[in-house]
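Participant: Provided below are the primary sequence and the corresponding predicted coordinates.
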Amino acid sequence: MNKLKPQTYEQLEIGTEGRFTKQLTERDIVLFGETSGDINPVHFDSEFAATTMFKTRIAHGIWSAGLISTVIGIVMPGPGSIYISQDLQFKRPVRIGDTLTAILTVKEKIEKRQYVVLDCKVVNQNDEIVTTGEATVMPPRITDELDTPKIPAVKVAGIDS
């Protein structure tokens, strides 16, 4: 993605959709655990995870919700959006190697505040719902395309990336 294209309240219509897809890697789990501080063994310890209802390591639930934030911030409505609220339900576990797609659809426009309500769904590679919810967002007021920011490379010891 070379350019980011914000969509204003006026440009969004009921049914407008945005998507983002990412495969979960070991690196993602390590970085998320490091930045969030959530080092629950179910995410990092295979022996511990084997004793849980999941039987294997799983991703942090909120990682899938992060993909919803990605859609809001870079796809639809895009850069300059203000995240007002989020309601989430986690439906199934996410495992290393799963490919998730966050799909957001405008379901309501609130004229008085210039907010949009988004139906949020995250599905895995088998089209199984892993996360659902609803977000309220204030779309950006800017319409100019923006260059995609360059972020520094991050190396994680012991993990091929």
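Facilitator: That came through fine.
Participant: Return the helix or strand in the protein with minimum mean pLDDT.
Facilitator: Every helix and strand in the chain was compared by mean pLDDT, DSSP states H and E; the lowest is strand 146-147, with a mean of 88.
Participant: Does anything pack onto that strand? Which helices or strands?
Facilitator: strand 3-4 (3 or more Cβ pairs under 8 Å, 6 or more residues apart in numbering; DSSP states H and E). All C-beta spots, glycine's among them, are computed from the backbone N, C-alpha and C.
Participant: Leaving out chain neighbours, which residue sits closest to His146?
Facilitator: Rather than His, residue 146 is Leu. Leu4 (4.6 Å; Cβ to Cβ, 6 or more residues apart in numbering).
Participant: looking at it, that neighbour is touching Gly78, isn't it?
Facilitator: Yes: the criterion here is Cβ atoms under 8 Å, and Leu4 meets it with Gly78 at 5.8 Å.
Participant: who's more crowded, the two?
Facilitator: Neighbour count, other Cβ atoms under 10 Å: between Leu4 and Gly78, Gly78 has more, with 23 against 17.
Participant: Now name the helix or strand holding that one.
Facilitator: Secondary structure from DSSP states H and E places Gly78 outside every helix and strand.
Participant: Now do the contacts for Leu67.
Facilitator: Taking Cβ atoms under 8 Å, 6 or more residues apart in numbering, we find Leu67 in contact with 20, 22, 100-102, 122.
Participant: Is the residue most central in space within the chain in a helix, a strand, or coil?
Facilitator: When Cα atoms, centre = their mean is applied to the chain, the residue found nearest the centroid is Leu67 (1.0 Å). Using DSSP: H, G, I helix; E, B strand; the rest coil, the structure places Leu67 in helix.
Participant: Sounds good, over and out.
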